[in-house]
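K.L.:
Take this sequence and fold it.
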Amino acid sequence: MGFAAKVTRNKNEIKKASAIVLPGVGAFKDCMENLERFGLVDLLLTSIEKGKPYLGICLGLQILFSQSEEFWFL
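P.N.:
Numbers count the residues shown, from 1 in each chain. Got it, this is the predicted structure:
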């Protein structure tokens, strides 16, 4: 589509980005633990609240919820 994308967990790069795309492959719990470990949860939420375009694909959308029912049957 002609857009440049950068894969990063660098907070400054994310802040400078004109939009955020978070694809989703993996488990909700692991994803949230990693986002928290790198201090990205608040940054993502703040960016979205300020109106920065956000495309969450599959798990990337699910992480916007406060919890998941993934593996609820275990």
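
K.L.:
alpha carbons only for contacts and neighbour counts from here, please
P.N.:
Noted.

K.L.:
Name the SS class of M32, please.
P.N.:
Secondary structure, DSSP: H, G, I helix; E, B strand; the rest coil: M32 is helix.

K.L.:
could you list every residue that touches it?
P.N.:
Applying C-alpha atoms under 8 Å, 6 or more residues apart in numbering to M32 gives the contacts 41, 63.

K.L.:
where does it sit relative to A5, distance-wise?
P.N.:
Relative to A5, M32 is positioned 22 Å away (C-alpha to C-alpha, to the nearest Å).

K.L.:
Burial check on L44, number of neighbours?
P.N.:
Using other C-alpha atoms under 10 Å, L44 has 19 neighbouring residues.

K.L.:
Is it in a helix, a strand, or coil?
P.N.:
Under three-state DSSP, the three-state class of L44 is helix.

K.L.:
Helices of this structure, start to end?
P.N.:
Remark: helices assigned in the chain by DSSP state H are 11-16, 28-37, 41-49, 59-62.

K.L.:
E69 is nearest to which of the ones you listed?
P.N.:
Across those, E69 has its closest neighbour in helix 28-37 (9.1 Å, C-alpha to C-alpha).
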